[in-house]
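# Output the structure for:
(one chain, ligands or ions: 1)
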Amino acid sequence: MQKKNYSLKEYCGLFGVYGHKDAARLTYLGLYALQHRGQESAGIVSSDEKDVRQFKGMGLVADVFNNENMKALSGNLAIGHVRYSTTGSSILKNAQPFVAEYANDTFALGHNGNLVNSVELCAKLERQGTIFQTTMDSEIILHLIAHSKKPNLKDKLIDALSKIRGAYSLVLLTKDQIIGVRDPNGFRPLCLGQIDGSWVLASETCALDLVQARYVRDIEPGEIVFINKRGINSVSPFPKVKHSFCIFEYIYFARPDSNIFGNSVYFARKKLGAQLFKEHPADVDMVMPVPDSGNYAALGYAEASGIPFEMGIVRNHYVGRTFIQPTQHIRDFGVKIKLNPVKEVLKGKRVVIVEDSIVRGTTSKARVKALRDAGAKEVHMRVSCPPLRHPCYYGIDFPTKEELIASSMSVEQIRDFVGLDSLGYLSLEGMLSSMALPKEEFCICCFTGDYPIPIKHALSKHSLEKA
Ligand code: AMP
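Down below sits the predicted model:
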């Protein structure tokens, strides 16, 4: 079969509106609120029930869209997508939503998550004569819909979805309806809201807040919601399976002002921090976060310990991807431009720094060095999740197993590598007990290697290329 380098690891954000005169503008705002879920490309597809229009571009939402291209996105239906991908597939043709003409209709699709049987499905579709336009596994879903022999779109979609395995939250648009889908395991979030009597779909509730939509409910795992002029019609055609909500959404990925899987991310992170203190207290002068992702766990740690909370590192929020590099070598420039230690706060102090996670360990190492250079006497680190030892095949961008520092080093070795006085990770039990939902509801494969949907091929980027 043809060698394909599928983009394996996708961060993505989804948004959709049905029945609002400003559908595309609301979608723009929704994507703006979901920018943290993907910064590589952004796209909006709209429909006035006759014509479907699209605009996609590389970069941030605010850079891709302007008054001119937004004007063309008329109609009262729209869906949008923000995407981050690993290098190699970062090209415009892979930007979503994908749009395809088929049987006198137009389909547009935005996908958050990753399929785990894309190699087999792609091989089969190619044998049947399918020509792929992109290297995205999401395109497979559109082809499966087009290939289905079922009589109507609803059944074609169910037929297509019954063939795919893995993580998928989807928003789809046809000329006259939008559709929201969550896979039976419910790996990635997707919620439903209402604004001025119109329906809204969003990856996270922070996007509903920005457009002043009222949160109605989550799309259930395995549910397909059709939204059109007849109202909202929900079906759950797939056998029920155990839920696998991604716990890493709570730890790092989702915005703290969102409720996902029915619960507040902010309070989940604070609880993780409080539990972290219980398991790994530290004899220090102050608690500080790695901003911004460590902020809420650090608050929880400080509150539980009674140790003063300080912002020993200040973040520059205006660092884009294109800044002019210094002409001469400035030490630790890459670290300092984003996060700058405050010498006056750190000088002579014993600090515990709370981090949401350690992935490769390399940025942590540079940050710890910067804290010591700024005068910290002791630097201890507490991490609000257990060691990350296994790659995610369901949509979180982690490096390969070999690159995950905890897959090959003990906690003591990581402590020494990062240059810490002490290092403590939250336990698996402690993490799960901090959640508002029962532990059985979660996917924790990045910590345990127990993959809720079997990974048939060893899905490293490289082995897929070989497939
Ligand atoms: P490092 O020390 O190089 O492992 O980097 C740790 C930092 O990466 C932490 O501040 C995390 O918030 C952040 N992080 C966690 N998961 C990811 C991810 N999937 N992609 C990018 N950064 C992440």
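
# Near the ligand, which residues of this structure are found?
Proximity of the chain to the ligand (CB under 6 Å from any ligand atom) is limited to residues 252, 290, 293, 355-364, 396-398. Placement of C-beta: from N, CA and C, glycine included.

# tell me the domain ranges of the protein?
13-244, 259-448 (automatic domain parsing).

# Deepest-packed of these, please.
domain 13-244 (a mean of 20; mean count of other CB atoms under 10 Å).

# ok, back up a step: can you flag which of the residues of the chain next to the ligand belong to strands?
Of those, the ones assigned to strands by DSSP state E are Glu355.

# In helices only, show me the residues of the chain next to the ligand.
If you go by DSSP state H, those have Thr362, Thr363, Ser364 in helices.

# that older thread, looking at the domains of the chain, which is closest to Pro454?
domain 13-244 (7.7 Å; CB to CB).

# What ranges in the stretch 51-200 of the chain fall below the confidence cut-off?
85-90 (pLDDT under 70).

# can you give me the helices for it?
61-64, 67-71, 118-127, 138-147, 153-161 (DSSP state H, counting those that start in this stretch).

# what about Ile227, distance to the ligand?
From Ile227 across to the ligand, the span is 32 Å (CB to the nearest ligand atom, to the nearest Å).

# How many residues are close by the residue of the stretch 101-250 of the chain at minimum distance from the ligand?
Closest approach between the stretch 101-250 of the chain and the ligand, counting by CB to the nearest ligand atom: Phe248, at 7.4 Å. Per other CB atoms under 10 Å, the neighbour tally for Phe248 reads 24.

# What distance do you get for it to Ile140?
25 Å (CB to CB, to the nearest Å).

# again with Lys163
For Lys163 relative to Ile140 (CB to CB), the value is 9 Å.

# Now the common contact residues for the two.
Counting by CB atoms under 8 Å, 6 or more residues apart in numbering, the residues touching both Lys163 and Ile140 are Leu121.

# Dump the helices of the stretch 51-200 of the chain to JSON lines, plus distance to Lys377.
As requested, the helices of the stretch 51-200 of the chain are exported to JSON lines (distance: least, CB to CB, whole Å):
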{"stretch": "helix 61-64", "distance to Lys377": "42"}
{"stretch": "helix 67-71", "distance to Lys377": "53"}
{"stretch": "helix 118-127", "distance to Lys377": "51"}
{"stretch": "helix 138-147", "distance to Lys377": "51"}
{"stretch": "helix 153-161", "distance to Lys377": "57"}
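
# Can you name the residues bridging to the residue of the stretch 1-150 of the chain found nearest the ligand?
The ligand sits closest to Tyr11 of the stretch 1-150 of the chain, with a gap of 7.6 Å, by CB to the nearest ligand atom. Beta bridges link Tyr11 to Tyr84, judged by DSSP bridges.

# The chain should start at 602 in everything you say after this.
Got it, the first residue is 602 from now on, which makes the last one we talked about Tyr612.

# Not counting residues beside it along the chain, what's closest to Glu979?
Closest residue in space to Glu979, ignoring its immediate chain neighbours: Arg951 at 4.0 Å, by CB to CB, 6 or more residues apart in numbering.

# Tyr902 and Ala875 touch, don't they?
Yes. Counting by CB atoms under 8 Å, Tyr902 touches Ala875, with 6.8 Å between them.
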